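Asks: Quick one: sequence plus predicted model below, questions after.
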Amino acid sequence: MNITVAILAAGKGTRMNVPDLPKVLVPLNNKPLLGYVLETIENLNSSKTVVILGHEKEKVENYLNQNNFSNIKTVVQEPQLGTGHAVDQTKSELVNSNSDILILCGDVPLLTLDTLNQFIEYHDVNKSSLTVLSAITNNPYGYGRIIRDNNNNFARIVEQKDANELEKSVNEINSGTYIVKSELLFSALERVNNRNAQGEYYLTDIVEIIKNDGHKVMAYPTTNIDEIQGINSIDDLKLAEEKLNKLNREFNILGLQQIAIGSEDKTKHSYLWQSLFGLPKINEYRSETENVNEDILKIGKGIAEVEVDIMQPLDISKKPAVHSPTLNHIGLWVDDLEAAYKSLELSGVRFTPGGIRKGASGHDVCFIHPKGNEQSPVSGEGVLIELVQAPKELIEELK
């Protein structure tokens with residue numbers, strides 16, 4: 001699959017309070033917004049990237065020339081008549097590329113390589129002619145809405161300013177990211193008109209045009225709404241900084257919090273650990289939902305104290321929700337559970353459903369799944385790994 005990339009980077013960013021800079025060069029944590037996008041696609045192995053320039057184009061060109069990004073070409077959009085008009089400026093570079101063109105916005109810095117790879121794979125596997133990256137949000141205001149037909153198939157995109165009240169109630173939104181066959185894109189752009197509230201040539205119109213031509217059009221909803229947020233104001237920039245700082249937070253494993261041993265009959269295990277090893281039983285845990293009955297023992301003292309959970313199913317004939325008789329389970333103290341969850345999730349780790357939640361121990365926990373899947377291939381390889389938020393006292397004691 002031959003991938004080329006077109007990046008929209010012509011905007012002024014009038015609400016960013018930096019009139020001397022094009023929008024895509026506004027700094028986020030001391031790096032231009034465009035820099036995040038370009039660094040991400042460096043790992044896509046695209047054959048060519050075309051950056052569409054406009055406002056303060058010389059400054060963007062200088063930035064590109066000062067950095068060693070691969071296979072970069074530039075085109076200029078003058079005047080600026082909308083997103084469809086912008087992408088049409090790449091025709092000279094991409095019309096004969098025989099590629100799938102990934103169209104990105106230069107002011108969306110948090111979109112990850114992992115999401116883009118999943119998006120491209122979805123497009124390729126489903127043999128789609130055009131695929132839209134979408135997302136579900138509780139606050140869709142300002143975004144184009146993904147409109148589906150009565151069979152839930154993708155139909156079209158309606159911009160906020162052109163949407164009626166029913167369309168405005170739709171909470172699936174367009175991210176502004178597309179992947180489309182090059183041989184279809186420019187033919188569709190020739191038929192885009194500017195009969196809309198803004199008097200602009202919308203890129204979104206190509207979706208309905210290509211679909212009406214009988215080609216397959218799909219929408220791929222990402223699970224992380226934060227990734228597709230564009231930067232349109234100072235408030236957006238501050239919010240992106242907060243999210244980026246959270247993603248970049250480090251975490252540390254402080255030690256073993258518990259070990260759990262699955263058995264069809266916990267009697268022998270309990271006898272071994274309690275009677276022969278002398279471990280005191282400190283609690284019991286029983287859950288009909290999880291189909292599990294546990295004896296909770298304790299080994300060690302002080303900061304070296306660890307739980308030993310001996311588990312068995314309440315009903316051996318029923319499939320356990322989490323544990324199985326042969327499944328081992330370990331719990332690890334971490335100093336920043338949220339940072340651990342976000343970092344590992346971005347690295348392809350599969351977690352059990354529910355994310356971060358309150359565990360039986362009373363601490364916040366999340367569980368690395370013992371089995372991976374296509375979307376999240378990294379797993380505990382047969383061991384249920386529980387990450388547990390360490391209490392402040394333990395963190396301070398181990399510093």
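Replies: Cool, the structure landed.
Asks: buried stuff in the strand or helix carrying residue 236?
Replies: Applying DSSP states H and E as the criterion places residue 236 in helix 234-247. For helix 234-247, the neighbour count (16 or more other CB atoms under 10 Å) marks 236-237, 240, 243-244, 247 as buried. Using the backbone N, CA and C atoms, a C-beta is placed for each residue, glycine as well.
Asks: Would you mind measuring the gap between the ends of stretch 39-52?
Replies: 17 Å (CA to CA, to the nearest Å).
Asks: now swap in stretch 95-113 and tell me
Replies: End to end - CA to CA - stretch 95-113 spans 25 Å.
Asks: And it, how far out from the chain middle?
Replies: Here stretch 95-113 is found 16 Å from its chain centre; the criterion is CA atoms, centre = their mean, to the nearest Å.
Asks: same question, stretch 246-257
Replies: Here the centre of mass of C-alpha atoms in stretch 246-257, compared against the chain's by CA atoms, centre = their mean, lies 20 Å away.
Asks: Just the endpoints, please. Distance across stretch 117-133?
Replies: Terminal residues of stretch 117-133 lie 12 Å apart, using CA to CA.
Asks: list the buried ones in that stretch?
Replies: By 16+ other CB under 10 Å, the buried positions in stretch 117-133 come out as 118-120, 122-123, 128-133.
Asks: quick one: which of the buried residues of helix 234-247 is nearest residue 273?
Replies: Proximity to residue 273 was ranked across the buried residues of helix 234-247 by CB to CB; first place goes to residue 247, at 40.5 Å.
Asks: Please report how far the closest one lies from residue 110.
Replies: Separation of residue 247 from residue 110 (CB to CB, to the nearest Å): 8 Å.
Asks: now swap in residue 393 and tell me
Replies: Taking CB to CB, one finds residue 393 at 34 Å from residue 110.
Asks: Between the two, tell me which one has more neighbours.
Replies: residue 110 (21 against 9; other CB atoms under 10 Å).
Asks: per-residue confidence for that one?
Replies: Per-residue pLDDT puts residue 110 at 92.
Asks: Can you tell me the element it falls in?
Replies: Following DSSP H and E, one finds residue 110 outside all helices and strands.
Asks: And for residue 271, the neighbour number?
Replies: 12.
Asks: Is it in a helix, a strand, or coil?
Replies: Per DSSP: H, G, I helix; E, B strand; the rest coil, the secondary structure class of residue 271 is helix.
Asks: mind listing what it touches?
Replies: Counting by CB atoms under 8 Å, 6 or more residues apart in numbering, residue 271 makes contact with nothing.
Asks: and this protein, what are its domains?
Replies: 3-247, 253-398 (automatic domain parsing).
Asks: shouldn't residue 279 be in contact with residue 269?
Replies: No - the pair residue 279 / residue 269 is not scored as a contact, 10.9 Å apart, by CB atoms under 8 Å.
Asks: Could you look over the domains of the chain and pick the most buried one?
Replies: domain 3-247 (a mean of 18; mean count of other CB atoms under 10 Å).
Asks: How about the contacts made by the residue most central in space within the chain?
Replies: In the chain, the centroid-proximal residue (CA atoms, centre = their mean) is residue 224; its distance is 4.1 Å. Residues near residue 224 by CB under 8 Å, 6+ apart: 112, 115, 135.
Asks: Okay, and which of those residues map to helices?
Replies: Judged by DSSP state H, the subset of the contacts of residue 224 located in helices is residue 115.
Asks: could you dump the contacts of residue 224 to TSV with distance to residue 21?
Replies: As requested, those are exported to TSV (distance: CB to CB, whole Å):
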residue	distance to residue 21
112	25
115	27
135	28
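Asks: For residue 68, state which of the contacts of residue 224 is nearest.
Replies: When the contacts of residue 224 are ranked by distance to residue 68 (CB to CB), residue 112 comes first, at 21.6 Å.
Asks: so the closest one touches residue 227, yeah?
Replies: Yes - counting by CB under 8 Å, residue 227 is a contact partner of residue 112 at 5.9 Å.
Asks: Find the nearest non-adjacent residue to residue 395, please.
Replies: residue 335 (5.0 Å; CB to CB, 6 or more residues apart in numbering).
Asks: any idea where the helices of the stretch 251-399 of the chain begin and end?
Replies: 267-270, 337-346, 392-398 (DSSP state H, counting those that start in this stretch).
Asks: Can you tell me the SS state at residue 74?
Replies: Assignment for residue 74 (three-state DSSP): strand.
Asks: Do I have it right that it meets residue 63?
Replies: No - in this structure, residue 74 is not within contact of residue 63 by CB under 8 Å, at 10.9 Å.
Asks: Overlap in contacts, the two.
Replies: With CB under 8 Å, 6+ apart, residue 74 and residue 63 have no common neighbours.
Asks: follow-up on the earlier one: check which helices and strands the helix holding residue 236 is in contact with.
Replies: strand 27-28, helix 337-346 (3 or more CB pairs under 8 Å, 6 or more residues apart in numbering; DSSP states H and E).
Asks: Over to the residue nearest to residue 395: give its phi and psi.
Replies: With angles defined as degrees, to the nearest 10, residue 335 sits at phi -80, psi -20.
Asks: With residue 43 instead?
Replies: Main-chain torsions, residue 43, degrees, to the nearest 10: phi -90, psi 10.
Asks: ok, and the closest non-adjacent residue to it?
Replies: In space, and not counting its chain neighbours, residue 43 is closest to residue 113: 5.3 Å by CB to CB, 6+ apart.
Asks: same question, residue 391
Replies: That would be residue 363: by CB to CB, 6+ apart, it lies 7.2 Å from residue 391.
Asks: Which residues are in contact with that neighbour?
Replies: Residue 363 touches 388-391, counting by CB under 8 Å, 6+ apart.
Asks: I'd assumed residue 41 was in contact with residue 116.
Replies: Yes - counting by CB under 8 Å, residue 41 is a contact partner of residue 116 at 7.5 Å.
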